[in-house]
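Asker: how does the following fold in three dimensions:
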Amino acid sequence: MKTSSLRTYKGPGRIVISRSTRGISPAGYRVFKTLAPGDYFRTATKEEYTKLFTAQLDALDPVEIWEKLHDLAGGVEPVLLCYEVPPFTEENWCHRRMVADWFQKELGHNVDEL
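Answerer: Take a look at the predicted model:
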């Protein structure tokens, strides 16, 4: 599994994990709303967002989510997408990297950014 921006990655296995595609056509994408942030995503500070999204992830079964994402990718490597484009900084950060860190912590799987 990998992560990338839906603005830049056009290859196979695209799975959008954001609340929307912000006007980018989702043609060929799969959508997995379970990993989209909650309604707080627009108003929370980064600290609040991190706390809330971590709690959201902690309520999920990482093995089940890993398997669902692989099933959804249809036999190719899943690439989890949201809107932000690297490089990531304190001001430009992304929840897909939090998902990648969660898989590393919970399952020992490295999920690299393309």
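Asker: okay, helices next: where are they in this protein?
Answerer: 46-58, 62-72, 95-107 (DSSP state H).
Asker: can you list the ones you listed in JSON lines and add distance to residue 78, mean pLDDT and mean neighbour count?
Answerer: The C-beta positions use only the backbone N, C-alpha and C, and glycine is treated the same way. Formatted as JSON lines, the helices of the chain follow (distance: least, CB to CB, whole Å; pLDDT from 0 to 100; neighbours: other CB atoms under 10 Å):
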{"stretch": "helix 46-58", "distance to residue 78": "16", "mean pLDDT": "95", "mean neighbour count": "14"}
{"stretch": "helix 62-72", "distance to residue 78": "5", "mean pLDDT": "98", "mean neighbour count": "15"}
{"stretch": "helix 95-107", "distance to residue 78": "11", "mean pLDDT": "96", "mean neighbour count": "18"}
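Asker: let me have those in TSV, extended by distance to residue 18.
Answerer: Shown next, in TSV, are the helices of the chain (distance: least, CB to CB, whole Å):
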stretch	distance to residue 18
helix 46-58	12
helix 62-72	14
helix 95-107	8
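Asker: which one of these lies closest to residue 35?
Answerer: Closest of those to residue 35 is helix 95-107, at 5.6 Å (criterion: CB to CB).
Asker: what's that closest one packed up against?
Answerer: Here helix 95-107 touches strand 2-5, helix 46-58, helix 62-72, strand 79-82, strand 112-113, going by 3 or more CB pairs under 8 Å, 6 or more residues apart in numbering; DSSP states H and E.
Asker: partners of the fourth one, with directions?
Answerer: According to DSSP bridges, the neighbouring strands of strand 79-82, each with its direction, are strand 2-5 (parallel), strand 14-16 (parallel).
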